[in-house]
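Trainee: Sequence first, predicted model second:
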Amino acid sequence: MNTEAYKIRSEINRLKARLKEIDDELMSDEEKAVMCSSSVCGQDVVLDTLQTLCKERGLKNIAIMACWQNDKEKNSRWYSTTVTPLFLPYLIRDVGTLIKYLKPLMNYNSLKILEYISIKSENIGTLELSEKLNISVNDIEKELDNLSKNNFIEQENGKWKSTLKGWQTYIVLSHLAYNHELKLETKKALKIAEAFKNVLNKEWGEPLNMTYDEVMKKLSMSKWLEKLYDQGIKDSDIEKAVYENNYPEG
């Protein structure tokens, strides 16, 4: 047995267990967005269950993306997919249909409305929603009509709530936003990790406890910044790396 690997894995499991013990009320919304897979969603428990089922049933080559929302047992929602890349060209072969599907959401107000209605558990009236989002009543009524006609939201007893279509769409768009805005591609992460190790004496995943500006200053002074630029690394890549290492995922 490789004792070093065993010790590292044991420490990872200990840290994950500790994260789950932390009350999510102690974290900011930004921290929750990054840490949820470890401290709120119970990712490891779900993966263990999936692995067990796959072994028991002899399954292989399975892909899944899932999201679960338990709304006080009243409006619980589940989203999952087993779509693998092989089938994607078939699924989006009619590009016009995809554009038509997304078009009602392609403005700021529509997305903010869908976001609020999808995430908040309580149903909400038009005037209250207008106040919460600081959008004029006329504008919000226009977008509510637009979203409801396209079955992203619906009205019940004078209150607005998201449909299953609306909630699932918001989940997918959020995954896209996360991968584009927050997650750094592996090749770039490896290059920046080398700089962090040499300049900051920090391993990848170890909290930096430094701001982006502080990190950039140290990289610049050490000439590593210029080296990273030569390797195709941008300032935005380093900013993502700083974010990921200040709030490491499980």
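Mentor: Structure's in. What do you need? All figures in this text were calculated on a predicted structure; none of them were measured in a lab. Numbering: from 1, shown residues only.
Trainee: how deep is the residue nearest to residue 161 when sequence neighbours are not counted tucked in, by neighbour count?
Mentor: Once flanking residues are discounted, residue 161 sits nearest to residue 123: 4.6 Å by C-beta to C-beta, 6 or more residues apart in numbering. C-beta: built from backbone N, CA, C; applies to glycine. As a burial measure, residue 123 scores 17 neighbours (other C-beta atoms under 10 Å).
Trainee: What about residue 123? Give its phi and psi, please.
Mentor: When read as degrees, to the nearest 10, the backbone of residue 123 gives phi -70, psi 160.
Trainee: what's near enough to touch it?
Mentor: Contact analysis of residue 123 by C-beta atoms under 8 Å, 6 or more residues apart in numbering lists 156-157, 159-161.
Trainee: Would you mind giving the secondary structure of the residue most central in space within the chain?
Mentor: A centroid search over the chain (C-alpha atoms, centre = their mean) returns residue 178, at 4.3 Å, as the residue closest to the centre. Put simply, residue 178 is helix when judged by DSSP: H, G, I helix; E, B strand; the rest coil.
Trainee: Which parts of this structure are helices?
Mentor: Per DSSP state H, the chain carries helices over the ranges 3-21, 29-39, 43-57, 88-91, 95-102, 108-119, 126-133, 137-149, 164-181, 186-195, 212-221, 224-230, 235-246.
Trainee: separation between the residue nearest to residue 172 when sequence neighbours are not counted and residue 100?
Mentor: By the measure of C-beta to C-beta, 6+ apart, the closest residue to residue 172 outside its immediate chain neighbours is residue 79, 8.0 Å from it. Distance, residue 79 to residue 100, by C-beta to C-beta, to the nearest Å: 21 Å.
Trainee: More neighbours: which of these two?
Mentor: Between residue 79 and residue 100, residue 79 has the larger neighbour count (other C-beta under 10 Å), namely 17 against 11.
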